[in-house]
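[1] Output the structure for:
(chains A and B)
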There are 2 protein chains.
Amino acid sequence: MSESIYVGVDLGGTTIKVGICNEKGQLLEKYEGATEVEKGVDTVIANIEKYVRHIVEQSSYSWDQLAGVGAGLAGFTNVKEGIIILAPNIGFRNVPMRALLEERLGKPVKIDNDANVAALGEAWSGAGKGIDNCVCYTLGTGVGGGIIINGKIYQGFSGMAGELGHISVVPDLEAIQCGCGKMGCLETVSSATGIIRMANDAVERGDRTSLALVEGKIMAKDVFDAAKSGDEVALRIVNRASYYLGKSMAAVAAVLNPERFIVGGGVSKAGDILFEEVRQVFAKLTPEPLQAGVQIIPAELGNDAGIVGAAGLLLRS
Amino acid sequence: MSESIYVGVDLGGTTIKVGICNEKGQLLEKYEGATEVEKGVDTVIANIEKYVRHIVEQSSYSWDQLAGVGAGLAGFTNVKEGIIILAPNIGFRNVPMRALLEERLGKPVKIDNDANVAALGEAWSGAGKGIDNCVCYTLGTGVGGGIIINGKIYQGFSGMAGELGHISVVPDLEAIQCGCGKMGCLETVSSATGIIRMANDAVERGDRTSLALVEGKIMAKDVFDAAKSGDEVALRIVNRASYYLGKSMAAVAAVLNPERFIVGGGVSKAGDILFEEVRQVFAKLTPEPLQAGVQIIPAELGNDAGIVGAAGLLLRS
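    Below you'll find the model as predicted:
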């Protein structure tokens, strides 16, 4: 029998990225088209169908080889029922996306949120390849997470497992309120948003820092660049983001004892200046038996993690 | 075919407790004999065999109905290999306990540490009955934990998952060193040892508290009794133990999204004065979607959790 293929869909507010993966999680083909959010739910769903059919047709694989389609998106999803409860950036509310796509495509479909999907992508064929149990952080506008247990996404009781950005890590005296309504969440300090906020606070306070010279809005990358150039204020901000990330990992290690922590998303591009501090803090706060053999490494798939992980939903969820 | 039975062994430093469970986790018979640690490893293993054979012989079940034997004990265990790496209170070091018992009994044997076994007991037929995903704390001399995923004990990468007592929760400024070598572990504040330490500190500092009048050594129960009688110093200690327990649960919820937290061990006998504060702190620190439907309740099996959970190892690990 000929090889099965899986199509992964990364559904974003501007573009829909689709890709073909084989059973090993290798990304064989990629294609990208407009989401057209402004035209409404029906058009978005029709576009997904169009791009999925297109990428298979122009490939060397046949439609019969397509074993299923997975889709990931930013938002609250009911994974069991295949319903998008709320996804503001694509304008979905209570959309039975799985059923709609299965009807159009005549193939099994699975959906999940972007952080889980990215975690699965990394676990399947990225930085977690061959590792059964790993925990993935995505440091972007917020801090997302995904828990991989026995090679599969772990959903928890109500599908909310892996909300790593909402681990409360900042002590009360220094805590600020998170978007979720609670105080001291990891997301308030280790996301791009948190880093930018700390930078703006420093500039407003009049701290002596090169960040005051940045034209336009300060971006997280500006803070990392300044820190690498020896700016002490910027370095303190980066260390604070790293400290609480490492502290959250120490907590996760005591709970789950994963083999590997994988860190992706825009903030992870800071590289060594982030990872070295995170590893030091983790080593300082984690009992030795829970550290032995545990690695903290960067994600490998970059923007493709969403496509690959979505394709993997059929096999690994 | 006649019903299968499982024998659970709770191997302690003074006594060996054994019990017969059916497939539903109901404890049908119990028996207890001396461990005789002072006579060495061979005698302890021989005693386990003796008590297991005895309880089956004097029951209405036949030896053929015995599907397997599980054993739990305090110490580091290599669950996969069935080896006790180090168990100071029974004098075991690198003892291939599973192999020794399988040879003597001619039945499948499984072993695990006491916190995991107690968690499984509660999940199988105690406070977690019918719940697939729960997290159990045992608050005793230390703070132990067990993670139940899909009804089974979750071991993690190196068998160290569920070391909940070593989640770092106390802020640096207030942190003291834990027995594990790290600062600020939950165990330093929410174990009986931690509570007693805080009480002794208060008395030594000269705080106005009825704890100064306790004859002999202060016990955790004294602190709870004083708190219930309105002693403000004692109440502050209990609230501190409860606060950090609730805070650790908020972190666990963000990682694992369990349906239920189960709290057992001597300290849990404090009752409402502990649980109400824990629930309040959990509600304060946990994002709403991660709280919905989640319960924090006392363990139900008491000292039998070790026997029942050990019996369950054959079915649920």
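[2] hey, let's count contacts and neighbours off CA atoms from now on
    OK.
[3] what about the closest residue to A:Asn133 other than its chain neighbours, neighbour count?
    Once flanking residues are discounted, A:Asn133 sits nearest to A:Ile149: 4.7 Å by C-alpha to C-alpha, 6 or more residues apart in numbering or on different chains. A:Ile149 sits with 21 neighbouring residues when counted by other C-alpha atoms under 10 Å in any protein chain shown.
[4] Likewise for A:Glu204?
    10.
[5] And the contacts of the strand or helix carrying it?
    Using DSSP states H and E, A:Glu204 falls within helix A:192-205. Outside of helix A:192-205, the residues within contact range by C-alpha atoms under 8 Å, 6 or more residues apart in numbering or on different chains are A:139-142, A:187-189, A:209, A:211-212, A:218-220, A:223, A:233-234, A:237-238, A:241, A:266-267.
[6] Buried ones from those residues, can you make that a ChimeraX selection?
    A single ChimeraX command is used to select the members of these judged buried by 16 or more other C-alpha atoms under 10 Å in any protein chain shown:
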select /A:139,140,141,142,187,188,189,209,211,218,219,220,223,233,234,237,238,241,266,267
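[7] For the stretch 1-150 of chain A, list the residues in contact with chain B, please.
    A:133, A:147 (C-alpha under 8 Å from any C-alpha of the partner chain).
[8] Where does pLDDT dip in the stretch 1-150 of chain A?
    A:1 (pLDDT under 70).
[9] For chain B, what is the nearest residue in it?
    A:Asn133 (6.6 Å; C-alpha to the nearest C-alpha).
[10] coming back round to it: go through the contacts of helix A:192-205 and flag which are in helices.
    A:187-189, A:220, A:223, A:233-234, A:237-238, A:241 (DSSP state H).
[11] So which bits of stretch A:170-180 are buried?
    A:170-171, A:175-176, A:178.
[12] from those residues, which is closest to A:Glu23?
    A:Cys178 (39.5 Å; C-alpha to C-alpha).
[13] Confirm for me that the closest one is in contact with A:Ser190.
    No - using C-alpha atoms under 8 Å, A:Cys178 makes no contact with A:Ser190, being 11.7 Å away.
[14] just the buried residues of stretch A:170-180 now: which is nearest A:Asn257?
    A:Val170 (22.1 Å).
[15] mind checking the SS state of the closest one?
    Classification of A:Val170 using DSSP: H, G, I helix; E, B strand; the rest coil returns coil.
[16] ok so, going back, intersect the buried residues of stretch A:170-180 with the contacts of chain B.
    Okay, of the buried residues of stretch A:170-180 touching chain B (C-alpha under 8 Å from any C-alpha), that's A:Pro171.
[17] Let me see the residues that make contact with stretch A:143-154.
    Contacts of stretch A:143-154 (C-alpha under 8 Å, 6+ apart): A:115-120, A:123-124, A:131-138, A:155, A:161-165, A:186-187, A:190-191, A:316-317, B:255.
[18] Could you list which of the residues you listed belong to strands?
    A:134-138 (DSSP state E).
[19] what pairs with A:Gln295 across the strands?
    Under the criterion DSSP bridges, A:Gln295 forms beta bridges with A:Arg260.
[20] Measure how buried it is and give me the count.
    Based on other C-alpha under 10 Å, the number of other residues close to A:Gln295 is 14.
[21] now for the strand or helix carrying A:Glu49, which elements pack on it?
    Secondary structure from DSSP H and E places A:Glu49 in helix A:41-57. Other helices and strands packing on helix A:41-57, by 3 or more C-alpha pairs under 8 Å, 6 or more residues apart in numbering or on different chains; DSSP states H and E, are strand A:15-21, strand A:27-34, helix A:97-105.
[22] Can you name the residues in contact with it?
    A:7, A:9, A:16, A:18-20, A:29-37, A:62-63, A:91-92, A:97, A:100-101, A:104-105.
[23] List only those of these flagged as buried.
    Applying 16+ other C-alpha under 10 Å to those flags A:7, A:9, A:16, A:18-20, A:30, A:34-37, A:92, A:97, A:100-101, A:105 as buried.
[24] ok, so of the residues you listed, who is nearest A:Val69?
    A:Val7 (4.8 Å).
[25] Just give the nearest non-adjacent residue to A:Asn239, would you?
    Nearest to A:Asn239 is A:Glu277, by C-alpha to C-alpha, 6+ apart, at 6.7 Å.
[26] count of residues packed around that neighbour?
    A:Glu277 has 19 nearby residues by other C-alpha under 10 Å.
[27] just A:Gly40 next, same as before
    13.
[28] quick one: contacts for it?
    A:Gly91.
[29] Pull out the buried residues from stretch A:271-280.
    For stretch A:271-280, by 16+ other C-alpha under 10 Å, it's A:273-275, A:277-279.
[30] So which of these sit within helices?
    Reading helices off the buried residues of stretch A:271-280 with DSSP H, I get A:273-275, A:277-279.
[31] one step back: tell me both backbone torsions, phi and psi, for the residue nearest to A:Asn133.
    The phi/psi pair for A:Ile149 (degrees, to the nearest 10) reads phi -120, psi 130.
[32] Beta-bridge partners for it, please?
    A:Lys152.
[33] Please apply the same query to A:Leu11.
    A:Ile16, A:Leu73.
[34] my guess is it meets A:Lys17, correct?
    Yes - between A:Leu11 and A:Lys17 there is a contact at 6.5 Å, judged by C-alpha under 8 Å.
[35] thinking again about what came up before, same list (the buried residues of stretch A:271-280) but as TSV, adding pLDDT.
    Below are those laid out as TSV (pLDDT from 0 to 100):
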residue	pLDDT
A:Ile273	96
A:Leu274	97
A:Phe275	98
A:Glu277	97
A:Val278	98
A:Arg279	98
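[36] List just the nearest of the ones in helices among the contacts of helix A:192-205 to chain B.
    Looking across these and measuring by C-alpha to the nearest C-alpha, the closest to chain B is A:Glu187, at 12.0 Å.
[37] Tell me who's in contact with the closest one.
    Applying C-alpha under 8 Å, 6+ apart, the residues contacting A:Glu187 are A:142-143, A:165-166, A:178, A:194.
[38] hmm, try it at 7 Å
    A:142-143, A:165-166, A:194 (C-alpha atoms under 7 Å, 6 or more residues apart in numbering or on different chains).
[39] Max pairwise distance over these: which two?
    Farthest pair in the contacts of A:Glu187, by C-alpha to C-alpha: A:His166 and A:Gly194, 13.0 Å.
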